[in-house]
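Undergrad: Got a predicted model here, sequence first, then my questions.
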Amino acid sequence: MAPKGSSKNRPGYHAIVLICGFLVGGLMTAGARKWLPSGSVKEFLTTAVTPSLGHIDIDLVIIKFGLGPIALDVSLLSLVGVLIAYLIARSLF
């Protein structure tokens with residue numbers, strides 16, 4: 001049984017850590033794409049897998065709007081950002 005106040009029972013905590021990690025990783029990826037010189041290191045660190053969800057039309061009778069396409073850009077540096085956020089959160093709590 002987990003001790004009271006443990007992060008194992010707080011899904012919001014884990015969601016915030018993931019969001020912060022992807023934001024930090026995204027910033028690192030953007031910086032690497034901008035400032036690293038062209039070469040294999042830049043290609044390795046900034047190559048991303050981008051799954052996407054196409055255009056979705058939503059019709060609510062009163063209002064009609066469309067969402068999309070929605071895409072997630074995941075690179076190696078994004079995963080490093082999640083790891084950094086996890087280690088910082090683990091050391092704090």
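TA: Received it, and whenever you're ready, just let me know what you need.

Undergrad: ok, residues contacting the top helix by length along the chain?
TA: Longest helix of the chain, by residue count under DSSP state H: helix 11-35. Contact with helix 11-35 is made by 7, 42, 45-46, 48, 73, 75, 77-86, 89, 93, as judged by Cβ atoms under 8 Å, 6 or more residues apart in numbering. (Glycine included, C-beta is placed from N, CA and C.)

Undergrad: So which bits of that helix are buried?
TA: Buried residues in helix 11-35, counted by 16 or more other Cβ atoms under 10 Å: Val17, Cys20, Gly21, Phe22, Val24, Gly25, Gly26, Met28, Thr29, Ala32.

Undergrad: quick one: pLDDT of the residue nearest the centre of the chain?
TA: Central residue of the chain (Cα atoms, centre = their mean): Phe22, 2.8 Å from the mean position. Note for Phe22: predicted pLDDT of 92.

Undergrad: how much space between it and Thr29?
TA: 10 Å (Cβ to Cβ, to the nearest Å).

Undergrad: same thing with Arg10?
TA: From Arg10 to Thr29 the distance is 28 Å (Cβ to Cβ).

Undergrad: ditto for Ile84
TA: For Ile84 relative to Thr29 (Cβ to Cβ), the value is 13 Å.

Undergrad: Repeat that for Leu53.
TA: From Leu53 to Thr29 the distance is 21 Å (Cβ to Cβ).
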